[in-house]
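Participant: kindly return the folded structure for what I paste below:
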Amino acid sequence: MLPLDAVAAPLPLPVRDGVGPSCVALPADGPWPTMLDFLVQRFPAIARETWVERIAARDVVDEHGEPVTLARRYQPRLRLYYYRALESEPRLPEDEVVLHRDAHLVVVDKPPYMPVTPSGPYLQQSLLVRLKRRLGIDELVPLHRIDRATAGLVLFSVSPATRGRYQALFPDRAMRKEYEAIVHWPPGTNLPASYRSRLAPDAHFMRTREVPGEPNAETHLQVLEVRGAHARLRLSPVSGRKHQLRVHCNALGVPIVDDAIYPTLLPYGPDDFAKPMQLLARSLAFVDPLTGVARSFTSARSLGGWPDQQP
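Facilitator: This next block holds a predicted model:
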């Protein structure tokens, strides 16, 4: 399935109830007599009857807008568009807070557990879909991502005409990002002011690991407070690799409190809303590429507290 939120060209299906169409590309060759046969095999979690209903409702079309029918023959190298749907979604305990909105940008304070874009069991409860419905902006696109378990600031683009200017702030390292974390703090711990390593995908798709080689990830660290077996850190990522802050903290021997992936990947199960991971995307600062004016935004959220709070 291909992500569509960053595609600027008109799509053959409109945004519906905040959800844009998903896309799947048909392979160059295969054994499928019809497009329906391909869809059933490509998405085994979706019943054949569900695809039949979607096709009957004209909710599956090709890249030219032509409806897929039950008998339509398989055509290689074609793209099909369809609406993803979930029978039910987990309920989330908190809502997002819109901190800023103008003609070009929306800045949102995200609670933990809410994914930025649709993924896994979350569609209508994803931040992007919630905002499209709430603000009525079908063209809304996230300019960056933070993990579902991470709380804090996410920046969205409103206008396709200016989107590229703001997107360039991230690869150009012109967007200053600061995070806060509460971490485990073994006796005698000392942290460097900066940590660099090479990150790569792990054998398990959920994880990232450090590997030998030229560093491709860098994090600046500052200890803000120490209380017994825990500390509060300011983390400033220079790069933006998957799970970078979580991996770097773990590598330094100070894993983030209530991280369900590092150092140990916990079994999949319902979220424990009483124990969110203690990582917060605290602030974003940049020079606006359209006006040249310095801008900054700060999360109004705070981390949930110290695991062993002292009176």
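Participant: could I get the full set of helices for this protein?
Facilitator: Secondary structure of the chain (DSSP state H): helices at 35-42, 48-56, 127-135, 160-167, 244-251.
Participant: what count of nearby residues applies to Leu86?
Facilitator: Neighbour count for Leu86, taken as other CB atoms under 10 Å: 12. For every residue, glycine as well, the C-beta is placed using N, CA and C.
Participant: most neighbours per residue, which of the helices of the chain?
Facilitator: Highest mean neighbour count among the helices of the chain (mean count of other CB atoms under 10 Å): helix 244-251, with a mean of 23.
Participant: return the mean pLDDT over it, rounded to an integer.
Facilitator: Per-residue pLDDT over helix 244-251 has a mean of 98.
Participant: OK, contacts around Trp306?
Facilitator: Ile182, Arg227, His230 (CB atoms under 8 Å, 6 or more residues apart in numbering).
Participant: and those residues, which of them are buried?
Facilitator: Ile182, His230 (16 or more other CB atoms under 10 Å).
Participant: export the contacts of Trp306 to a markdown table and tack on distance to Phe38 and pLDDT?
Facilitator: Listed next are the contacts of Trp306 as a markdown table, based on distance: CB to CB, whole Å; pLDDT from 0 to 100:
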| residue | distance to Phe38 | pLDDT |
| --- | --- | --- |
| Ile182 | 48 | 97 |
| Arg227 | 57 | 94 |
| His230 | 52 | 96 |
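Participant: these two touch, right, His144 and Ala281?
Facilitator: No: His144 is not in contact with Ala281 according to CB atoms under 8 Å; the separation is 9.5 Å.
Participant: joint contacts of the two?
Facilitator: Common contacts of His144 and Ala281 (CB under 8 Å, 6+ apart): Val154.
Participant: quick one, which of these two is more surrounded?
Facilitator: Applying other CB under 10 Å to His144 and Ala281 shows that Ala281 carries more neighbours, namely 23 against 18.
Participant: got the confidence number for the more buried one?
Facilitator: Listed pLDDT for Ala281 reads 98.
Participant: that one: what's it in contact with?
Facilitator: So Ala281 contacts Lys110, Ile146, Thr150, Ala151, Gly152, Leu153, Val154, Lys177, Tyr179, Ser299 (CB under 8 Å, 6+ apart).
Participant: where along the chain do the strands fall?
Facilitator: 22-25, 60-62, 79-82, 97-101, 105-110, 141-142, 151-157, 176-184, 194-201, 208-211, 217-227, 230-237, 279-287, 294-298 (DSSP state E).
Participant: indicate which one of the ones you listed is closest to Pro121.
Facilitator: When these are compared by CB to CB, strand 22-25 sits nearest Pro121, at 15.4 Å.
Participant: how far does that closest one sit from its chain's centre?
Facilitator: 19 Å (CA atoms, centre = their mean, to the nearest Å).
Participant: got it, and stretch 197-212?
Facilitator: Offset of stretch 197-212 from its chain centre (CA atoms, centre = their mean): 18 Å.
Participant: same question, stretch 287-307
Facilitator: With CA atoms, centre = their mean as the basis, the mean position of stretch 287-307 lies at 18 Å from the chain mean.
Participant: now do that stretch, average pLDDT.
Facilitator: 93.
Participant: returning to that earlier point: so which of the contacts of Ala281 is the most crowded?
Facilitator: Ala151 (27 neighbours).
Participant: Leu279 is in contact with that one, correct?
Facilitator: Yes: the pair Ala151 / Leu279 is scored as a contact, 7.3 Å apart, by CB under 8 Å.
Participant: JSON lines for the helices of the chain, including distance to Ser88?
Facilitator: As requested, the helices of the chain are exported to JSON lines (distance: least, CB to CB, whole Å):
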{"stretch": "helix 35-42", "distance to Ser88": "22"}
{"stretch": "helix 48-56", "distance to Ser88": "14"}
{"stretch": "helix 127-135", "distance to Ser88": "15"}
{"stretch": "helix 160-167", "distance to Ser88": "33"}
{"stretch": "helix 244-251", "distance to Ser88": "29"}
